[in-house]
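**Q** Need coordinates for the following:
(2 chains)
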Amino acid sequence: MKTKRLNEVVSLIAQPEFQSWWAEFQKRRAELQEAQKRYEDSLAEASLAEFKAELLQKNAIDTLYRAGECEDTAATLLFEGTELENRSYRAVSDFEEQRFYVSELWYRLGACEKAFEEHREAKPQFNGKKAESELKAAERAHRAAREDYDRETERRNQLWDEVERIWAKSAEVNLLVAEHRVRAKSIRKEAEALFSLAEEQKRRSVDLRAAAEAASARCEGARSALRAALNRAHDEFACATGADFLYFRQKGSSKRIFCVSLIEDHDKYNVELTPLAVYVVDRQRGVAFLEPSVVGEPPSVQEGDRRFEDYFLRGRKGSVISIRPAV
Amino acid sequence: MEKLAVLSESPLFEMLSNQELEYVSELCRPRRFTAGQIVFEEGELGDSLYVIVSGEVEVLRRDASAEQRRIALLGPPMFFGEMSLIDKEYRSATVRARTDTELLHLTAENLAAFRKQHRDGFTFVVINIARVLSSRLRESNSKLVEIR
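**A** As a prediction, the model looks like this:
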């Protein structure tokens, strides 16, 4: 790094050789930015595809579990339906038994009725105490037979109601079995479709990952080209090179360095940076603190004196400073 | 934003030469604040001043009951924040943007860089700050007399 005066640095920047290097540098930097953007985009796309594939796979597994759950429910319902069917056979058998018993009671009731009628019709002919008590016994027997018949008929009817309830429940369960089976089949199909999509997404992510690697290689190439451009600046202009600045030692000062900004920046540094503007930095602090460079001589002491004279001896020229009161 | 035009209007940079103004304009960084946004808070350590380019800011200070009261309303081409720059004390008031506001920010370090390059110009900046402080002191004195 050779020492230079500020005007030498400024005139160097204006030279066609430097301008041609600057054009090439900008081109290389744009290429690197483009390559980096492509790499980042393709990397993001690849990562997104991998994430999608994983998500689809997980969804497919969850869906498969759901299909299994549905199949399990269908099996449980089928078992319940079989149980109900068996219970219905028992209930029909109980009903048949009761129906037979009620028929018997009906015949018995008929016989008791007949006996009671006979005693009642015979009563006027015998008109004795024995006949009276036999009539009462026949009446009691008839009443008891009627009660038995009514009670057992009620029980028979209840048994039939139970049979019908079981049949209805069994029908319901059988319908649900069918429905669950169809649903399980459909969910399984859905899971298969998701597995297939996940596979497709995996293949896509592999392709995208390969594309990202190729973009990374192109990025590395562009970075090397930019580095080569900076090395060329180092050799041709005898300066030190950073990523964003070129540095020239200041002639006559061991501490101060001229630096030429290669970027535009409004935020990161203590001053706003303009491309190819020359700044002065301290050797130790570097670009942590930049001072704008001044071409030409600083105002003379006499000029400064004149202004002080104007202000202090001839009266102030500036406006009256006042603060607006709070509203 | 044409920084040079703004600075040449500001009382802070009165009597500076064009060369000095150009140098200061390179040292200033533009900052934007939306209405209601705080520029700095009372009690913060500050080592920079601001020149108002557009919009309005209000200067607020807490009273004895800790309630914030507006003590001044400033617009272009005024400046603020110079007190902490001079006395190295904590900010004496909060400054909040009353409308969308554009400011130019000048740090103590950048002002020191200006001093290295333009000593006389720097002296005039200090004189201008002193003029503003003096004007405020006069105003405070008048208010004090009115209160008594």
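
**Q** secondary structure element for the closest residue to chain B within the stretch 51-200 of chain A?
**A** Chain B sits closest to residue A:51 of the stretch 51-200 of chain A, with a gap of 36.3 Å, by CB to the nearest CB. In short, each C-beta sits where N, CA and C put it, glycine included. Following DSSP states H and E, one finds residue A:51 within helix A:16-126.

**Q** Likewise for residue A:226?
**A** helix A:129-237.

**Q** For that helix, name the packing helices and strands.
**A** For helix A:129-237, the packing partners by 3 or more CB pairs under 8 Å, 6 or more residues apart in numbering or on different chains; DSSP states H and E come out as helix A:16-126, strand A:240-241.

**Q** Let's see that with 10 Å instead.
**A** Packed against helix A:129-237 by the contact rule (3 or more CB pairs under 10 Å, 6 or more residues apart in numbering or on different chains; DSSP states H and E) you find helix A:6-14, helix A:16-126, strand A:240-241, strand A:245-250.

**Q** and the longest helix seen in chain B, how far from the chain's centre?
**A** Ordering each helix of chain B by length in residues (DSSP state H) puts helix B:119-147 first. Computed by CA atoms, centre = their mean, to the nearest Å, the chain-centroid distance of helix B:119-147 equals 12 Å.

**Q** Would you mark the buried spots in it?
**A** By 16 or more other CB atoms under 10 Å in any protein chain shown, the buried positions in helix B:119-147 come out as B:120, B:121, B:122, B:123, B:124, B:125, B:127, B:128, B:129, B:131, B:132.

**Q** pretty sure the third one is touching residue B:116, no?
**A** Yes: with contacts defined as CB atoms under 10 Å, residue B:122 counts as touching residue B:116 at a distance of 8.6 Å.

**Q** Show me the shaky parts of the stretch 201-327 of chain A.
**A** A:296-305, A:309, A:312-327 (pLDDT under 70).

**Q** Quick one: the strands in chain B, in order.
**A** Ranges of strands within chain B are B:29-33, B:38-40, B:48-54, B:57-62, B:68-74, B:79-80, B:94-97, B:101-107, based on DSSP state E.

**Q** State the distance from the residue in chain B positioned nearest to chain A to residue B:49.
**A** Per CB to the nearest CB, residue B:120 is where chain B lies closest to chain A, at 3.3 Å. For residue B:120, the distance to residue B:49 (CB to CB, to the nearest Å) stands at 19 Å.

**Q** Please apply the same query to residue A:254.
**A** Using CB to CB, residue A:254 is found at 33 Å from residue B:49.

**Q** more neighbours, the two?
**A** Neighbours per residue (other CB atoms under 10 Å in any protein chain shown) separate residue A:254 from residue B:49, with residue B:49 holding more: 24 against 9.

**Q** Backbone dihedrals for the nearest residue to that one once chain neighbours are set aside, both of them.
**A** Closest residue to residue B:49 apart from its sequence neighbours, by CB to CB, 6 or more residues apart in numbering or on different chains: residue B:81 at 4.0 Å. The phi/psi pair for residue B:81 (degrees, to the nearest 10) reads phi 90, psi 0.

**Q** Please report the distance of residue B:81 from residue B:52.
**A** Residue B:81 sits 11 Å away from residue B:52, going by CB to CB.

**Q** centre of the chain versus the helix holding residue A:226, how much separation?
**A** On CA atoms, centre = their mean, the centre of helix A:129-237 falls 24 Å from that of its chain.

**Q** for stretch B:79-98, same thing?
**A** Worked out by CA atoms, centre = their mean, stretch B:79-98 lies 7 Å from the chain centre.

**Q** what residue lies at the spatial centre of chain B?
**A** Nearest to the geometric centre of chain B sits residue B:80, at 1.9 Å (CA atoms, centre = their mean).

**Q** who's that residue bridged to?
**A** Here residue B:80 sits in beta bridges with residue B:50, going by DSSP bridges.

**Q** I'd say it and residue B:71 touch.
**A** No: contact criterion CB under 10 Å: residue B:80 and residue B:71 do not qualify, at 11.3 Å.

**Q** Is the worst-scoring helix or strand of chain B on mean pLDDT positioned near chain A?
**A** None of the helices or strands of chain B scores lower by mean pLDDT, DSSP states H and E than helix B:82-87, at a mean of 83. No: using CB under 10 Å from any CB of the partner chain, helix B:82-87 stays clear of chain A, coming no nearer than 11.6 Å.

**Q** Give me the helices and strands touching that helix, please.
**A** Using 3+ CB pairs under 10 Å, 6+ apart, helix B:82-87 is in contact with strand B:48-54, strand B:101-107, helix B:108-117, helix B:119-147.

**Q** Kindly calculate the angle that the last one makes with strand B:101-107.
**A** This means helix B:119-147. Helix B:119-147 and strand B:101-107 are oriented at 120 degrees to each other (axes from the mean of the first three to the mean of the last three CA atoms, to 10 degrees).

**Q** Pull out the buried residues from stretch B:64-78.
**A** Neighbour-count burial for stretch B:64-78 flags B:70, B:72, B:73, B:74, B:76, B:77, B:78 (criterion: 16+ other CB under 10 Å).

**Q** how far does that stretch stretch from start to finish?
**A** One end of stretch B:64-78 to the other measures 28 Å (CA to CA, to the nearest Å).

**Q** can you count the residues close to residue A:51?
**A** Around residue A:51 there are 12 residues (other CB under 10 Å).

**Q** from what I can see it touches residue A:205, true?
**A** Yes: using CB under 10 Å, residue A:51 is in contact with residue A:205, at 8.5 Å.

**Q** mind listing what residue B:95 touches?
**A** Contacts for residue B:95 (CB atoms under 10 Å, 6 or more residues apart in numbering or on different chains) come out as B:33, B:38-42, B:46, B:50, B:57-60, B:72, B:74, B:80-81, B:101, B:103.

**Q** Could you list the low-pLDDT ranges of chain B?
**A** Within chain B, the stretches with pLDDT under 70 are B:1.

**Q** what sits against residue A:158?
**A** Applying CB under 10 Å, 6+ apart, we find residue A:158 in contact with A:95, A:98.

**Q** and what of residue A:25?
**A** A:18, A:225, A:226, A:229, A:230, A:232, A:233, A:241, A:246, A:262.

**Q** Mind doing that once more with 7 Å?
**A** The neighbourhood of residue A:25, defined by CB atoms under 7 Å, 6 or more residues apart in numbering or on different chains, consists of A:229, A:262.
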